[in-house]
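Participant: the sequence and its predicted three-dimensional model are supplied below.
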Amino acid sequence: MREWARSVSVEEWEGLAREHSTPFYAYDADVLRARCNDVRAAFSQAEVRYAMKANASPALLDTIHAERFGIDAVSPWEVRYALERGYAREQVLYTGSFPSDSELRAVASMGVVANLDALSAIDRYGALAQGGAVSIRVDLEEGAGHHPHVVTAGDESKFGLTLDALDEALSIVRRRGLRLVGVHQHIGSGLLTDAHRDVWLRAARGLFDVAARVERDVGPLAFVDVGGGFGVGYHEDERTVDLRPWGLALERERARVWPDPARRPALWVEPGRYLVAECGVLVARVSTIKRARDRVWVGTDAGMHALIRPAMYGSYHPVWNTHARTSPVERCFVVGPICESGDVLAEERMIPVPDEGELLVIGVAGAYGYAMASTYNLRPRPAEFFRDAGSWRLVRKSEHYERVVR
Ligand code: LLP
């Protein structure tokens, strides 16, 4: 799946580069749809809420909308954009993290379900949104992820309502006249190993038990949202998770807790990375080759402002040359133009040293790539191209100088 971009010719990339300058992201619709199909097949009983924080490019949102998936949004701006792109209110879940009153007011005005994880937030939401629909995000002390920064449950995590506060949360819901429609958790991101899967399933089982307990107290819930976090292979020898065993195990647990299918709350999953990571690459132009001490520095016009994952989490992204080269492979450090030593895209890659002016491709960059891009050093964010039915179109230009400084 992640190999698609290796068969795009250098002429094709150069064509896009002529249409708009480098660096740019490029996405493939067929790969995105294939991953949507995988999730649908593995979790055949579930509704999918795409975690749009992973990539809110309009072309991706529209494609995912056509798949009839909903949205997991984490800010009022994400909610607003999802609604603008045609998602129905009922398809959008807002998951807040330490929300301000103005954020809660904005969410209430858009009429989506607010998924909250602090007593204060539930109470303040109740004061703002009389009769509003809420869900409670819990923390069952089971967390996992590819890096400590992306573990979202357990001791070190700011997320989720711990179970000792659940009764009080329910009494606030009652006192404020809110409607509790769901329970939720998300334990972390980049879950790739069998051990990760086991933690995720244990947490999901725990969440089903919490849901049953809440139902005994407040009545039937509309949904139980077990979160996302499914990992994809970045490294050449890593494989994207096969979600089918996850889905089967989940169904067995659901049937245990709710033997009567008619009484089961809907099951929601909210993958981000799994859907969009492999459909995207970042294409950058080599600007400067520098040999110093025992290193070959391959400088490109994309740096941590375009893709921050390597600098932020030490993440690995495959890198390859677009020109077929016969020169010997050398140990290359692929870096960007940003004024920080951490501005690294790839370390110690055994690739043929490219010539200045050639293009390099950085793979598996569809998730948390553009979404986390910035205008650091006043550099514009990259452009975005989208390929569907064999033809490319520019879906977002890079920013103008005026927009960056405005
Ligand atoms: N649901 C909630 C409430 C989340 O916070 C997240 C991700 C997801 C779903 C989707 O997780 P996914 O399926 O994409 O793993 N920037 C980091 C990842 C941060 C994830 C934050 N939350 C990275 O580049 O690895």
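Facilitator: Looks like it came in fine. Numbers count the residues shown, from 1 in each chain.

Participant: please count neighbours and contacts with C-alpha atoms only from this point.
Facilitator: Noted.

Participant: remind me which residues of this protein are low pLDDT?
Facilitator: Within the chain, no stretch has pLDDT under 70.

Participant: tell me the residues of this protein that contact the ligand?
Facilitator: Proximity of the chain to the ligand, by CA under 6 Å from any ligand atom, involves residues 51, 54, 150, 186, 189-190, 227-230, 270-274, 309, 368.

Participant: let's see 5 Å
Facilitator: Counting by CA under 5 Å from any ligand atom, the residues of the chain close to the ligand are 189, 228-229, 271-273, 368.

Participant: in helices only, show me those residues.
Facilitator: Residues from the residues of the chain next to the ligand lying in helices, with DSSP state H as the criterion: residue 273.

Participant: with respect to residue 61, which of the residues of the chain next to the ligand is nearest?
Facilitator: residue 272 (11.5 Å; CA to CA).

Participant: what's the closest non-adjacent residue to that closest one?
Facilitator: Spatial nearest neighbour of residue 272, excluding adjacent residues (CA to CA, 6 or more residues apart in numbering): residue 51 at 4.4 Å.

Participant: and the gap between that neighbour and residue 393?
Facilitator: 24 Å (CA to CA, to the nearest Å).

Participant: those two - which one has more neighbours?
Facilitator: Just comparing residue 51 and residue 393: by other CA atoms under 10 Å the higher neighbour count belongs to residue 51, 26 against 15.

Participant: shouldn't that one be in contact with residue 72?
Facilitator: Yes. With contacts counted by CA atoms under 8 Å, residue 51 reaches residue 72, the gap being 4.5 Å.

Participant: which residues do those two both contact?
Facilitator: Residues touching both residue 51 and residue 72 (CA atoms under 8 Å, 6 or more residues apart in numbering): residue 270.

Participant: show me where the stretch 301-406 of the chain has its strands.
Facilitator: Assigned by DSSP state E, counting those that start in this stretch, the stretch 301-406 of the chain shows strands spanning 319-321, 329-335, 344-352, 359-362, 383-388, 391-396.

Participant: residues touching stretch 12-28, excluding its own?
Facilitator: 279-285, 301-302, 306, 366, 370, 382-388, 397.

Participant: please apply the same query to stretch 68-77.
Facilitator: Residues outside stretch 68-77 that contact it (CA under 8 Å, 6+ apart): 47-53, 79, 82, 87, 91-97, 103, 106-107, 270.

Participant: please spell out the PyMOL selection for the buried subset of those residues.
Facilitator: To isolate the buried ones among those in PyMOL, judged by 16 or more other CA atoms under 10 Å, type:
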select buried, resi 47+48+49+50+51+52+53+79+82+87+91+92+93+94+95+96+97+106+107+270
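
Participant: confirm that residue 136 sits in a helix.
Facilitator: No. Counting by DSSP: H, G, I helix; E, B strand; the rest coil, residue 136 falls outside a helix, being strand.

Participant: can you start the count at 31 instead of 1 from here on
Facilitator: Happy to do that; since the first residue is 31 now, the last one works out to residue 166.

Participant: now the phi/psi pair for the residue sitting nearest the centre point of the chain, please.
Facilitator: In the chain, the C-alpha nearest the mean C-alpha coordinate belongs to residue 84, at 2.7 Å (CA atoms, centre = their mean). The phi/psi pair for residue 84 (degrees, to the nearest 10) reads phi -70, psi -30.

Participant: so what's it up against?
Facilitator: Contacts of residue 84 by CA under 8 Å, 6+ apart are 302-303, 306, 396-399, 401.

Participant: what's the distance between it and residue 313?
Facilitator: Taking CA to CA, one finds residue 84 at 19 Å from residue 313.

Participant: and for residue 413?
Facilitator: For residue 413, the distance to residue 313 (CA to CA) stands at 10 Å.
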